[in-house]
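Visitor: Kindly generate the corresponding structure for this input.
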Amino acid sequence: MMKKIKKIAVMTSGGDSPGMNAAIRSVVRACAYYRVSSVGIYRGYEGLIEGDFIELTARSVNNIINKGGTILKSARSAGFRTEEGRAKAYEQLKENEIEAMVVIGGDGSFTGAVIFNEEYDFPVIGIPGTIDNDIFGTSHTLGYDTALNTAVEAIDKIRDTASSHNRLFFVEVMGRDAGFIALNAGVGAGAEEILIPEENLGLDRMLESLKKSRRTGKSSSIVVVAEGDKSGKNVYELAEYVEQNLPEYDVRVSVLGHMQRGGSPSCFDRVLASRLGVKAVELLLDGKTNLMVGLQNNEVISTSIAEAIKGGHSINQELLRVSDIMTT
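Guide: Sure thing, here's the model as predicted:
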């Protein structure tokens, strides 16, 4: 007969994303529903090593579903990369009678969870929390929808200025290795060109597109650039390149930066966090481990964490095609 888990810990790790607090709330309240104690780990794996824990109850997570960031904080942990650090973390868990863990984060956080599970056979379930949406095994990661809405709202406001002054704006959005935000926000905001890491469209194509826009009467344009674009130039170099080759354009640059990670999560992210948190707790209580919960076809599913890390991501080719048509 399987031993019933009596205490589950939850942590947030890696970059923060809107919806993490909603996920913490969901894990804690699911634990309360199933009469299991819950503990919050401050500052991710670093707090795990140091035993920086706090008991959480259904009432202690009141009024956090709407808050951005993470009440449990997040931090890098060089210590957890070492065997000694992970040994200390395991001792802290044993000392505090914690029997399972929910890790909310991205691929770096999941990699640590897999190694820890392999070394100590400690039950762990992952919840994908990153605005980049670059985790295999889920159509949406926590924070992605909110970041998209933030980016589109910002681009809409920039377009007002671009139109008023007949300017070309390069707008850089987050996405060092993935162009999901740039592609979707670019299509949603009606950008004239979209540059993403997955597709090296080339500078000549961008110039030709801008020339065409000019010929057809457009006096202002928006180019959305993912920070990891493969053109070989950063957004300021791109702007300079256009100024040199198309001097008729008055070029400006706007980098949205970390504002995309902040703010109150969208309704979609709040509901997603609630669903994933409940599923994570239920999987642990069913004796499952080393899985990540995610969303596919609006159904909550689970994928092995190792597969989620290694599976990679693929850009939506149909949306790329739509993007090409819309920038005509």
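Visitor: Give the burial count for the residue lying closest to Asn316 once chain neighbours are set aside, as a bare number.
Guide: Counting by Cβ to Cβ, 6 or more residues apart in numbering, Asn316 lies nearest to Leu183, which is 7.3 Å off, once chain neighbours are set aside. In short, each C-beta sits where N, CA and C put it, glycine included. For Leu183, the count of nearby residues is 26 (other Cβ atoms under 10 Å).
Visitor: My guess is Leu183 contacts Leu319. True?
Guide: Yes - counting by Cβ atoms under 8 Å, Leu183 touches Leu319, with 6.0 Å between them.
Visitor: For my notes, confirm the residue nearest to Asn316 occurs in a strand.
Guide: No - using DSSP: H, G, I helix; E, B strand; the rest coil, the secondary structure at Leu183 is helix, not a strand.
Visitor: show me what contacts it?
Guide: Listed by Cβ atoms under 8 Å, 6 or more residues apart in numbering, the contact set of Leu183 reads Ile194, Ile196, Ala226, Ile315, Asn316, Leu319, Leu320, Ser323.
Visitor: change it to 10 Å
Guide: Listed by Cβ atoms under 10 Å, 6 or more residues apart in numbering, the contact set of Leu183 reads 173, 175, 191, 194-196, 198-199, 224, 226, 315-316, 319-320, 322-323.
Visitor: returning to that earlier point: any common contacting residues for Leu183 and Leu319?
Guide: Listed contacts common to Leu183 and Leu319 are Ile194; contacts here mean Cβ under 10 Å, 6+ apart.
Visitor: Remind me which helix or strand Lys67 belongs to.
Guide: Secondary structure from DSSP states H and E places Lys67 outside every helix and strand.
Visitor: Now do it against Gly40, distance only.
Guide: Noted for Lys67: a distance of 14 Å to Gly40, by Cβ to Cβ, to the nearest Å.
Visitor: ok, now Val28?
Guide: 8 Å.
Visitor: now the residue positioned nearest the centre of the chain: how far from Gly108?
Guide: In the chain, the residue lying closest to the centroid (Cα atoms, centre = their mean) is Thr130, at 1.6 Å. Thr130 sits 10 Å away from Gly108 when distances are taken as Cβ to Cβ.
Visitor: Need the residues touching each of those two.
Guide: Listed as contacting both Thr130 and Gly108 by Cβ under 10 Å, 6+ apart are Gly14, Gly15.
Visitor: More neighbours: Lys67 and Gly40, which one.
Guide: Relative neighbour count places Gly40 above the other of Lys67 and Gly40, with 23 against 16, counting by other Cβ under 10 Å.
Visitor: what about that one, which helix or strand?
Guide: Going by DSSP H and E, Gly40 is in strand 37-41.
Visitor: now whatever helix or strand comes next after that strand, how far from the centre of its chain.
Guide: Counting by DSSP H and E, the next helix or strand C-terminal to strand 37-41 is helix 44-50. Mean C-alpha position of helix 44-50 versus that of the full chain (Cα atoms, centre = their mean, to the nearest Å) differs by 21 Å.
Visitor: Then stretch 128-146?
Guide: On the basis of Cα atoms, centre = their mean, stretch 128-146 sits 5 Å off its chain's mean C-alpha point.
Visitor: List the buried residues in it.
Guide: Applying a neighbour-count criterion of 16 or more other Cβ atoms under 10 Å, one finds 128-138, 140-146 buried in stretch 128-146.
Visitor: which residues in this structure form strands?
Guide: Taking DSSP state E to define them, one finds strands in the chain at 7-12, 37-41, 53-56, 100-105, 124-128, 167-173, 193-195, 221-226, 250-255, 291-296, 299-304.
Visitor: May I have the last one as PDB, with CA atoms only?
Guide: Okay, so that is strand 299-304. The C-alpha trace of strand 299-304 is given here as PDB (Å, rounded to 0.1, in the frame of the first residue of the first chain):
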ATOM      1  CA  GLU A 299      -7.000  19.700 -21.500                       C
ATOM      2  CA  VAL A 300      -4.600  19.500 -18.600                       C
ATOM      3  CA  ILE A 301      -2.000  16.800 -19.300                       C
ATOM      4  CA  SER A 302       1.300  15.600 -17.900                       C
ATOM      5  CA  THR A 303       4.700  15.100 -19.600                       C
ATOM      6  CA  SER A 304       7.900  13.800 -18.200                       C
END
